[in-house]
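Peer 1: mind folding the following:
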Amino acid sequence: MGSLASDERELSCYDTVVSNGRTFLPLITYYDAEEDDHDDDDDFVFSIDSSLLVDPQNVWLGKVTGEGSNSIVHEGIYQSKPVAVKIFQLHKTSGISRRYKENFQREVTLLSRTNHENILKFVGACIEPTMMLITELMRGSNLQKYLWSVRPKCLELKLSISFALDISRAMEYLHANGIIHRDLKPSNVLLTEDKKHVKLGDFGLAREEVVDDMTCEAGTYRWMAPEIFSQDPIPFGVKKHYDHKVDVYSFAMVLWELLTNKVPFQGRRNITVAYAAAKNIRPSVEDLPEEIVPLLKSCWAQDPKARPEFTEITVFLANYLNSTEVIRPISTVVDMEQVEIKSNKDYSAAENKDNEIEKPYVVKIEEVGNNLNKDSSAAENKHHEIKKPKKRNCYLPNFLSCFGHRFSSWKIFGLCGK
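Peer 2: Numbers count the residues shown, from 1 in each chain. Coordinates of the predicted model:
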């Protein structure tokens, strides 16, 4: 991240900073006048390493760039550099529930330990006067808004595969380090300013993989793996057994979106999407590149054991991208120079409309089983450093056997073709 332009001017009498025509206000002015709603029953004590914390007086907030159910993201300035500032709950920390404090601490801890070119870079965090996460600023918006901006056309196929490869590499890194994301979807994938690469963000639901049960129905229904969802009414906080393969299912839905520029299960409400996935119903693969269809079906298989590892997915996508002329009919390809990302407000109507369209044609993939994988090996420990990447069983030869006709001339680590 580069420093701000040299013409940056501090206007101390107004407590603002003006940079490149944008006005930034100090973070502390947002909370100075707010009443302290301290919960005396809340004895939660943060255990975030002090080296990760920053002085809130050095944080300045600009325009809002994104909003979630429990947070809001601003463009900001920290130490004269442009950053993204994610503020949780919009209340003083003393008025926030213990559960949200625990989630915030876990997100800060996990993100701060990552170091990968396709994962959002951590800058710092604050716990007072409010919970706040500072990261690098991604000026290309998120993948969801980007796809909306080019509809009804599709992205160039090569670009779609390139984005999918970036995501797969990020997920491969997380899984190698025992981290499950649990909320992989287009709105959590961020574009670089040149819109040629993407990075994975929002670790709000991420956690270290454990052998014991984990919270069920974590994530977003439209991209949620069926083993996380419960078809029977359950109390809040009930746990189920699942593993890192839930991210592979979510990846399949994102890949399908990249190829079609459509919403998975378009026309269905969120809860009905979960029921459909539980019944092994998947989006249509009609008109998709025939070489990609087996990969999609493997990734969204009903049985988690049948889904490939991201190491295998990365190998496939890299070779597919590099060894073939990846093209799409010109009439369906968007002119990248004409793309303009709109403001947040421009998409609210479009998002609602997506849920009202008639039910799409879907195909039913052959059910391959319902056994859950109970072989995860990472132990839960909130405060240890990331361990040396663990080695998972690789079934690359078997996984790629269904692509034999395509890989006959490829030399993938000596596993495919001669």
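Peer 1: in three-state terms, label V123 for me.
Peer 2: Assigned with DSSP: H, G, I helix; E, B strand; the rest coil, V123 falls in the strand class.
Peer 1: tally of neighbours for the nearest residue to it once chain neighbours are set aside?
Peer 2: In this structure, V123 finds its nearest non-sequential neighbour in I134, 4.2 Å apart by CB to CB, 6 or more residues apart in numbering. (Glycine included, C-beta is placed from N, CA and C.) By the criterion of other CB atoms under 10 Å, I134 has 22 neighbours.
Peer 1: which stretches of this protein have low pLDDT?
Peer 2: Applying pLDDT under 70 to the chain flags residues 1-21, 23-24, 27-42, 89-95, 210-219, 230-240, 324-418.
Peer 1: quick one, longest helix in it?
Peer 2: Secondary structure assigned by DSSP state H gives helix 157-176 as the longest helix of the chain.
Peer 1: okay, helices next: where are they in the stretch 1-150 of the chain?
Peer 2: Remark: helices assigned in the stretch 1-150 of the chain by DSSP state H, counting those that start in this stretch are 98-113, 143-150.
Peer 1: please give me every residue in contact with the nearest residue to I292 once chain neighbours are set aside.
Peer 2: Among residues not flanking I292 along the chain, L259 sits closest, at 6.8 Å (CB to CB, 6+ apart). By CB atoms under 8 Å, 6 or more residues apart in numbering, the contact set of L259 is 154, 157, 160, 288-289, 292.
Peer 1: I'd like the distance between L259 and F163.
Peer 2: Distance of L259 to F163, given as CB to CB, to the nearest Å: 10 Å.
Peer 1: same check, this time on E193
Peer 2: Taking CB to CB, one finds E193 at 15 Å from F163.
Peer 1: who has more neighbours out of the two?
Peer 2: A direct count of neighbours by other CB under 10 Å for E193 and F163 places F163 higher, at 24 against 11.
Peer 1: can you list the domain ranges for the chain.
Peer 2: Domain ranges of the chain: 14-136, 143-407, per automatic domain parsing.
Peer 1: tally up the residues packed near the closest residue to N188 other than its chain neighbours, please.
Peer 2: Residue nearest to N188 in three dimensions, not counting chain neighbours: D202, with 4.1 Å by CB to CB, 6+ apart. Residues lying near D202 (other CB under 10 Å) number 25.
Peer 1: same check, this time on E257
Peer 2: So E257, with other CB under 10 Å, has 23 neighbours.
Peer 1: for the residue nearest to V123, give me its contacts.
Peer 2: 54, 59, 76, 78, 83-86, 122-126 are the contacts of I134 under CB under 8 Å, 6+ apart.
Peer 1: selecting buried members of those in ChimeraX, what would you type?
Peer 2: Per 16 or more other CB atoms under 10 Å, the buried members of the contacts of I134 correspond to this ChimeraX selection:
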select :59,76,78,83,84,85,86,122,123,124,125,126
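Peer 1: closest to R106 out of the contacts of I134?
Peer 2: When the contacts of I134 are compared for distance to R106 (CB to CB), A125 wins out at 11.8 Å.
Peer 1: and that closest one, what does it touch?
Peer 2: When contacts are counted by CB under 8 Å, 6+ apart, A125 is found next to 48, 52-54, 108, 112, 131-134.
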